[in-house]
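> Let's see this in three dimensions:
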Amino acid sequence: MQQCMSVLGVKQNFVPLYHPQSNPAERKNRDLKAMLAYLVEEDHTSWPKKLPLVRFALNSSKCRTTGKSPAYLAFAREMRSPTEVTHDLRAILDKGNFVPQITPYLRKFVKSLSAIRERVEIQQDKTKKYADQSRRPAESFQVGDLVLLKSHVLSNAPKNVTAKFAPRRDGPYQILNRDSPTTYTLSHVDQPNEILGKYHNQDLFIYRSKDDRSSLPNPVLPKKKRGRPTSKAKGLVQERGRSPRLEGEHIVNRMAMLPDRTTRGRLPARFAE
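Have a look, this model is predicted:
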């Protein structure tokens, strides 16, 4: 495959390990799974028979980003449906010079590709704008930093390995190169020339030695305790019951509105004599 790509002049870019979000093919795989799940119904072993139908539907449908179908972008023409093939009455010329027809068509196709490329860039900018509203800036690392790598352990019953009990991070490893703002090449600390692989920054964590742990910030303390706040007013009595106002407000009555509790149980003054 690599030799074929080199002959065709195609540059291969590999995505980071354990980060399929940057691979556009995964987006089509998600659509493929949804369509196969709808067609196979209860017979899950019949998906190979349904695959040609799904493939034709995906290749002939227009993409919202490009405005064209994948078949047009790959073959410079739209796919013909079975109905068009059956009822197409155009004559097929076995021998003929198609150069006068192909040359203007190819020029038109090149202009169409340029317009599609600009449209894709505009759609990507819009998507990035809305996606960045709910994201925080990514942590940046420098070449030579020591980092911990998120481990991806699979459970293995014969070897008595449980993924839930495995360490969450592995390392430390050294940053060998920064391939992009979010992709880094890691290497072993003892063997800097041995490349471990390319990883996304979401799987990397800064490594802190035991000496650096003493400089960690203090833990954040809660600002207030849980429960209803108590009244701190002096000479006032809080009334029981729910507040008719906003939740959390105190229900306080003035002393003048409350009965004098010191005279409880005494006779009125006219009966005292």
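> Could you use CA atoms for every contact and neighbour count after this?
Fine.
> which secondary structure elements does the lengthiest strand in the chain contact?
Taking DSSP state E as the criterion, the chain has its longest strand at strand 169-180. Strand 169-180 makes packing contacts with strand 146-150, strand 183-187 when contacts are defined by 3 or more Cα pairs under 8 Å, 6 or more residues apart in numbering; DSSP states H and E.
> at 10 Å what do you get?
strand 146-150, strand 183-187, strand 195-200, strand 204-206 (3 or more Cα pairs under 10 Å, 6 or more residues apart in numbering; DSSP states H and E).
> Same question for the shortest one: list its buried residues.
Spelled out, it's strand 204-206. Residues of strand 204-206 classed as buried by neighbour count (16 or more other Cα atoms under 10 Å): Leu204, Phe205.
> hmm, back to that, ok, the longest strand of the chain: who's next to it in the sheet?
With DSSP bridges as the test, strand 169-180 is paired with strand 146-150 (antiparallel), strand 183-187 (antiparallel).
> Check those strands for me and report the most buried one.
strand 183-187 (a mean of 23; mean count of other Cα atoms under 10 Å).
> And for Asp170, the neighbour number?
When counting by other Cα atoms under 10 Å, one arrives at 14 neighbours for Asp170.
> which stretches of the stretch 1-150 of the chain have low pLDDT?
Scanning the stretch 1-150 of the chain for pLDDT under 70 picks out the ranges 85-101.
> And the stretch 151-273 of the chain, by the same measure?
Residues of the stretch 151-273 of the chain that meet the criterion pLDDT under 70 lie in 210-273.
> right, so of the helices and strands packed on strand 169-180, which gets closest to Ser134?
strand 195-200 (18.9 Å; Cα to Cα).
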